[in-house]
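**Q** Based on what follows, work out the 3D shape:
(one chain, ligands or ions: 1)
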Amino acid sequence: MKLLEPFNLGALTLPSRVVMAPLTRRRAGHGKIATSLMADHYAQRASAGLIISESTEVDPRSAIDVPTRPGLFNADQVAGWRRVTDHVHLAGGRIFVQLSHLGRASHPLLLAEGAEPVAPSAIAGQGNAFTREGPLPFPVPRALTLAEIPQIVDQFAHAAILAREAGFDGVEVHGANGYLIDQFLRSGSNQRTDDYGGPIQNRIRFLLEVTEAIAAIWGVERVGVRLSPWNDFNGMADANPVETFQYAAEALDQLGIAYLHLIEPVGQKRALAPRLRRIFGGALIVAGSYDRDRAEAVIADGTADLVAFGESYIANPDLPERFRQGAPLNPAIRSTFYGGGAAGYTDYPTLGAQEVVL
Ligand SMILES: Cc1cc2nc3c(=O)[nH]c(=O)nc-3n(C[C@H](O)[C@H](O)[C@H](O)COP(=O)(O)O)c2cc1C
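**A** Prediction:
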C-alpha cells in the first residue's frame, strides 16, 4: 500500500503518508499553555507520518486566562510545547505547529482587556465565538490599518522563532477555515482598496508575507500552508474560488515551500487538487472525509502525495497500524471533541489494548 510507504517531505523523511490533521481540542491550560495531557495525546499518535498540531495562536492580545486554544507568543507557552515535542520525538514521531490568527472569528471576551477583533474589512463573520459566557455571535471586527498589517506578520515570525525553541520540526501556516489569512484571501471578507485588497494579486499579499517571514526563519523545506477553498465556515465566501486558489498555488509554488495542504471534501464537484497538483511543485496533502481506500486511491492516481485524517485520528491513536491490518476504526465521540479532560482525548484504545480487553 503506497499510503504506508515512506515519503520525503521537504527536510524530513516520513515513515508513511498518513498525516494527523490539525485538530483543535480546547484543552490548553491557563496561560494558553500546552499541558502534559496534551503531550500524552500527541505522543500516542507519534506513529503518524507527520503530526500537525492544533491551531495555535500567534496573537499576543489573546486572553491568557481563557483555558482553551494554545498560544505561542511567550516563554511559558514555549515550555509547554517543549514538553509536547519532546514526548512526540521520544515516541519516534515528527510534529509541525499550525500557526494561526483568528482575525474576525474572535470576540472581545477571547482577547485581553480592551482589545477587539481585527480583520481585513469591518465585516462580521457568521457564527459564534466560544467564550466563558457561552457561544456569542462574532462582532463586527475593526478593519486593520495599513500600518498594523506588518505588525501581525511580525507576530507570526515571532511565533515561528518560538516554535524552534519549542522543538517543533516545522510550521504549517493556517490559511484555512475562515481565520485571518483566509479572511484576506477571499473576496467576501476582504473589501480593502489598498495593496491588500481587490484583485487576488493583492488579497494574497498577507499570506505570502507571513509565509516568507516564517520561511526566512525555518527554511522553505520546513514550511507548509493549509488552504480550504470550499469551506463556508464562519460565513466565508469568494466570488471566484477556482481563480483565487489557483493563483495562490502558483504564488506558493514560487516560494518553494515544502507542501500545500488542501481541505477539499472527497467527492467535491469542482475538485481543485488535480489542477493545483500541476501548478504546485512541492508536496500536496489532501484532507476531508478520507478513509483508507480513498486515501490509497488519491495517492495511487497521483493527485496527492499525502492524506491528512481528522476525526479518524481523534479516535485512533494507532491509525497507520489499523490501516496496515485493515482493522476496524474506533468511532469518534463528538461530545468530547472540544474541551474537557482525558475522556475522549487520551483514552481511545489501540489495537493491542483492545485485544487485552477482549
Ligand atoms: C474537532 C475538530 C477540530 C479541528 N481543528 C482544526 C484546526 O485546529 N485547524 C485546522 O486547520 N483544521 C481543523 N479541523 C479540520 C480537520 O483538520 C480536517 O480538515 C477535517 O476534520 C476533515 O478531515 P476528516 O474528515 O478526516 O475529519 C478540525 C476538525 C475537527 C473535527
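
**Q** okay, the residue in the chain that the ligand sits nearest to: pLDDT?
**A** With CB to the nearest ligand atom, the shortest gap between the chain and the ligand falls at Gly310, namely 2.5 Å. C-betas here are computed from N, CA, C, even on glycine. Gly310 carries a pLDDT value of 98.

**Q** Gly352 too?
**A** 82.

**Q** re earlier: tell me who's in contact with the residue of the chain closest to the ligand.
**A** Ala21, Leu23, Ala287 (CB atoms under 8 Å, 6 or more residues apart in numbering).

**Q** Which of the three states applies to the second one?
**A** Remark: Leu23 carries the secondary structure label coil [criterion: DSSP: H, G, I helix; E, B strand; the rest coil].

**Q** Count the neighbours of it for me.
**A** Leu23 has 21 neighbours, counted by other CB atoms under 10 Å.

**Q** ok, and of the contacts of Gly310, which contact the ligand?
**A** Ala21, Leu23, Ala287 (CB under 6 Å from any ligand atom).

**Q** The last one reaches Ala308, doesn't it?
**A** If I follow you right, that is Ala287. Yes - here Ala287 reaches Ala308: they are 3.9 Å apart, a contact under CB atoms under 8 Å.

**Q** Mind checking which of these two has more residues around it?
**A** Per other CB under 10 Å, whichever of Ala287 and Ala308 has more neighbours is Ala308, with 28 against 25.

**Q** Got the phi and psi for the more buried one?
**A** Torsion angles at Ala308 (phi, psi; degrees, to the nearest 10) stand at phi -100, psi 140.

**Q** I figured it hits Ser289, correct?
**A** No - in this structure, Ala308 is not within contact of Ser289 by CB under 8 Å, at 11.1 Å.

**Q** quick one: the strands in this protein?
**A** Using DSSP state E, the strands assigned to the chain run over residues 7-9, 12-14, 18-20, 50-57, 95-100, 118-119, 128-131, 134-137, 142-143, 170-174, 223-227, 259-263, 283-287, 306-309.

**Q** Which elements pack onto the second one?
**A** Yep, that's strand 12-14 we're talking about. Judged by 3 or more CB pairs under 8 Å, 6 or more residues apart in numbering; DSSP states H and E, the packing partners of strand 12-14 are strand 7-9.

**Q** helices and strands around the strand it packs on, which ones?
**A** With contacts taken as 3+ CB pairs under 8 Å, 6+ apart, strand 7-9 sits against strand 12-14.

**Q** quick one: is stretch 254-265 near the ligand?
**A** Yes - using CB under 6 Å from any ligand atom, stretch 254-265 reaches the ligand at Ile263.

**Q** roughly how far out does that stretch sit from the chain middle?
**A** When C-alpha coordinates are averaged (CA atoms, centre = their mean, to the nearest Å), stretch 254-265 and its chain have centres 12 Å apart.

**Q** who's in contact with stretch 131-140?
**A** The contact list for stretch 131-140, computed with CB under 8 Å, 6+ apart, reads 66, 104-110, 116-117, 122-129, 234.

**Q** Over to stretch 64-75?
**A** Contact partners of stretch 64-75, identified using CB under 8 Å, 6+ apart, comprise 24, 26, 28-34, 38, 53-60, 62, 77-78, 80-81, 97, 99, 109-110, 112, 130-132, 155, 158-159, 162-163, 166, 339.

**Q** Just the buried ones from those?
**A** Using 16 or more other CB atoms under 10 Å as the burial test, the contacts of stretch 64-75 include 24, 28-29, 31-34, 38, 53-59, 62, 77-78, 80-81, 97, 99, 110, 130-131, 155, 158-159, 162-163, 166 as buried.

**Q** Any stretches of the stretch 1-150 of the chain with poor pLDDT?
**A** 67 (pLDDT under 70).

**Q** Output the set of residues of it in proximity to the ligand.
**A** Ala21, Pro22, Leu23, Thr24, Glu54, Ser55, Gln98.

**Q** Make TSV from those residues and add distance to Glu243 to it.
**A** What follows is these, written out as TSV (distance: CB to CB, whole Å):
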residue	distance to Glu243
Ala21	26
Pro22	26
Leu23	30
Thr24	30
Glu54	31
Ser55	27
Gln98	26
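
**Q** Closest one of those to Lys2?
**A** Set against Lys2, the nearest of these by CB to CB is Ala21 (19.1 Å).

**Q** count of neighbours near the closest one?
**A** With other CB under 10 Å as criterion, Ala21 counts 24.

**Q** what's it in contact with, if anything?
**A** Under the criterion of CB under 8 Å, 6+ apart, the neighbours of Ala21 are Ile52, Ala287, Ala308, Phe309, Gly310, Tyr313.
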